[in-house]
Each structure stands twice: as C-alpha cells, then as structure tokens.
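I would like to see how this sequence folds:
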Amino acid sequence: MGRILTEKDVEPAVRGGSVYAAGGGGWADHGRMLGLAAVRIGRPELVSVEELAKDDWVATAAAIGAPAGTTAWEMQGVDYVKAVRLLQEAMGEPIAALMVGQNGRSSTLNGWLPSAILGTRVLDAVGDIRAHPTGDMGSIGLAASPEPTIQTAVGGNRAENRYIELVVRGATAKVSPVLRTASDMSGGFIASARNPVRASYVKKNAALGGISMALALGEAILAAEGRHTGHSKGAAVIDAICRTTGGHIAVSGRITKKDVVYTNAAFDIGTVVIGSGDQAMTLHVMNEYMAIDDAGGARLATFPDVITTLDKDGEPLSVGQLRVGMTVHVLHVPKAIIPLSAGVLDPSVYPPVEAAMGIEIARYVFEETPKKKRKGRK
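As a prediction, this is how the structure comes out:
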C-alpha cells in the first residue's frame, strides 16, 4: 500500500531535498508552500512503481527556470495542477502518477499538490537523485528520443501580464527549449508537466526510491537537531547527513575565491576555491556542483556523485549563498552507492555541459560506473 503524505512529511522532504539540491538554487519556502497546501487540501499518496499497472501513464512534474532573486517570477500551487490538467486533456487519457526530474529544495514536492487535487499519485521515483543543470539529465533517457511527446507549462507574473499557458508537441530535444523560453518570458520560473511514459518504462529507467531517500535524510537531520544543542548540534547534523547518505566530508575549509557568472543561457557557471596553495580544492559549478579537483588538477568527485556545501550547522548552502571568507564542509556521496537513472547514463547529455564548463565530465562517469548500476535500481 502507498503512504499518505501528511504535514509531518513536509519539512523532511524540504530538508532532505535541500541536501540533494547539490548547491542548486530553488526555494525551500516554495517547497513548504507546495507541501503544506497539498496535505491541508487533500491526501497526496506516495507509491512505488510496483503499485502501478505497467501500462499506467506517468508524467514528470517540474519547475523550469533559474529564478534569481532579481527576476519577477510568480508561480502558484494551482499552476502545477493546471499543467497536469492540460497534459491530461492533450493526451485524452488520465495520468496515474507524477514523478520529478530531480530532488531539490522544492522539486522533491512538485507532485504533491496535483496528487491532492487530481488524485494522481506521487511516484517514488526521480529522474536524478540530485539536482543537475539541464533538463536532459533528468529525462530518464528521453533526451535524444525522436519520438514525439507532449509538454505543458503554466505560470507567470500576473501583475505584469506575464501569465502563460502552453501545450507543445514534438521530440523532447526540440520542445524543451520552448519551455525554457516560456519560463524566461513568464518571469523566470514556470510549472510544467511533461514527457508522459508508461510505468514499465519508468521502472527500467528512473532512479527508484528517490523521494523516500530525501524523506529519510530529512527525518535524520531533524532528529539530530532535536537531540543536540549549542556547538554539538552542527557536528551531529553533519554526522547524520553522512551516515544516512553513505557519504563523507571530502573538503573542509575557507572559501578563498569565487568566480561564478550568470550566462545568457540562464546558467550560473564558474568555480569556487576552498583553501590555498597545495591544499586548494576547486568546486566546478554549472548551477549545481558538478566536480571537485585538487590543487594538482586531479579529479576527486564528478557528477552524478552528490556534491553539496554545508555550513557549520549542517545547513546546505546554494552556490548563490557562498561568499569569500566563509568556512564550508563539502559532502561527497559517490555515484556507486546511489540509484542512477538512464538520464545520467546517457552519453548525449554531457557534451553541452562540458562545452559550457570547459572541463571533462563524461570520461569520469563512464570510466567508473559499474555496469550493474545502469538499471538505476536499488
């Protein structure tokens, strides 16, 4: 049987999702808004893929954009619901469940409100355990598919007449940029429902159990906070994060340099250096943390490993929050111990990211990925 999500699940989802956000932005308060609205208005249900019939339709609920604090974005909970409604109307068939493209500060909760209002279940599967810069990375192997699909988007700043609804049909690679453009025109952040596939496809290609992993991590963080006070609290939280994820603190130190720029393609790209001299470690950024190099240029961690900066209290920090002089702890969870989806094991998703960042990623992904992990199964 599925698990009815309640108010006590909202904060764990946000807190665990914030660690898996891997330095990405997003908004914890937006996640809380989505979760609390859902559990107060209905009974969103979390189910495993085994609880769906193999031919049930599953779509991805996503928020598209990179909303800096400077943009006039507005996305209401009803926008996520309307996006699913538009997709069902375009398909002429019901959607049984919604998955999300990635965990994150709010994205872990993207499917909850439609579940509460429309009865679509929240599927315990994600396109990627952690957050990533391009939609292709979370598209469970559909990025290069020539098959036509349907994507919808809803939202926008009402006061500035930026509200948009659209339904787009075509191959994923051709229609995804249309939604990114719509997001920009709407104010920088828009709700979408997209890429309906059968549950049997999700079972083979998604990272299964991803929502439960975020919930369990959030519960462990809150429990550690509740047991400790003062100086010991931060250490206890960091220990709980490492223990629950199976990760470790790869780097601790003071930020000595930050060189991250916002590009016209709506990406934050650059580097953050921790420490100095032969002890310096470089974090490579494209919205999220994508790699860690040591002072000699040797690679210590590479996407889809989980890489996250934590402050002394164990609070995850986004790239935008980092400042020179801050002391941070860098969590590293190797990809060998997390479920991997077809999206992060698709060679076609890496060349655009490598070109934008100027570093190698794919070589490290495919050199080290055990073949048995290709299913993305636990």
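
Can you list the helices and strands that the helix or strand containing C242 packs against?
Using DSSP states H and E, C242 sits in helix 231-245. Packing partners of helix 231-245 (3 or more C-beta pairs under 8 Å, 6 or more residues apart in numbering; DSSP states H and E): helix 210-227, strand 248-262, strand 306-310, strand 327-333. No exception for glycine: its C-beta is placed from N, CA and C like everyone else's.

I'd like the next helix or strand past the helix or strand containing V168.
Using DSSP H and E, V168 maps to strand 164-171. With elements assigned by DSSP H and E, the helix or strand that comes after strand 164-171 is helix 172-186.

and that next one with strand 164-171, angle?
170 degrees (axes from the mean of the first three to the mean of the last three C-alpha atoms, to 10 degrees).

May I see the buried residues of helix 172-186?
172-173, 175-176, 179-180, 182-184, 186 (16 or more other C-beta atoms under 10 Å).

Pull the residues that contact that helix.
Contacts with helix 172-186, where a contact means C-beta atoms under 8 Å, 6 or more residues apart in numbering, come from 64-65, 73, 135-136, 139, 142-145, 149, 151, 153, 155-157, 162-164, 166, 168-169, 189-190, 192, 194-195, 266.

Convert the strand holding V168 to PDB, retaining C-alpha atoms only.
What follows is strand 164-171 as a C-alpha-only set of coordinates in PDB (Å, rounded to 0.1, in the frame of the first residue of the first chain):
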ATOM      1  CA  ILE A 164       1.400  31.900 -19.800                       C
ATOM      2  CA  GLU A 165      -0.200  28.500 -20.600                       C
ATOM      3  CA  LEU A 166       1.200  26.400 -23.400                       C
ATOM      4  CA  VAL A 167       1.000  22.900 -24.700                       C
ATOM      5  CA  VAL A 168       3.800  21.800 -27.000                       C
ATOM      6  CA  ARG A 169       4.200  18.600 -29.000                       C
ATOM      7  CA  GLY A 170       7.400  17.300 -30.600                       C
ATOM      8  CA  ALA A 171      10.700  15.500 -29.800                       C
END
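
On the three-state scheme, G270 is what?
strand (DSSP: H, G, I helix; E, B strand; the rest coil).

What is the neighbour count of it?
For G270, the count of nearby residues is 18 (other C-beta atoms under 10 Å).

hey, what's it bridged with?
V260, V285 (DSSP bridges).

need the buried residues of helix 172-186 in a markdown table with distance to A38, can you?
Converted to a markdown table, the buried residues of helix 172-186 look like this (distance: C-beta to C-beta, whole Å):
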| residue | distance to A38 |
| --- | --- |
| T172 | 27 |
| A173 | 32 |
| V175 | 28 |
| S176 | 26 |
| L179 | 23 |
| R180 | 26 |
| A182 | 24 |
| S183 | 22 |
| D184 | 27 |
| S186 | 22 |
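
of all those residues, which two lie farthest apart?
A173 and S186 (21.7 Å; C-beta to C-beta).

Tell me which residues are up against stretch 132-139.
Here stretch 132-139 makes contact (C-beta under 8 Å, 6+ apart) with 22, 60, 62, 64, 100-102, 126-128, 143, 172-173, 176, 180, 195, 267, 286-288, 290, 303-304, 341, 343-344, 346, 348-349, 352-353.

how far out from the middle of the chain is that stretch?
Averaging C-alpha positions (C-alpha atoms, centre = their mean, to the nearest Å) puts stretch 132-139 9 Å from its chain's average.

Extract the C-alpha trace of that stretch and format it as PDB.
Taking Å, rounded to 0.1, in the frame of the first residue of the first chain, the C-alpha atoms of stretch 132-139 are listed here in PDB:
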ATOM      1  CA  HIS A 132      21.500  19.000 -12.200                       C
ATOM      2  CA  PRO A 133      21.800  21.900 -14.700                       C
ATOM      3  CA  THR A 134      20.000  20.600 -17.800                       C
ATOM      4  CA  GLY A 135      16.600  19.000 -18.200                       C
ATOM      5  CA  ASP A 136      18.100  16.300 -20.400                       C
ATOM      6  CA  MET A 137      19.900  14.900 -17.300                       C
ATOM      7  CA  GLY A 138      16.600  14.200 -15.600                       C
ATOM      8  CA  SER A 139      14.700  13.000 -18.600                       C
END
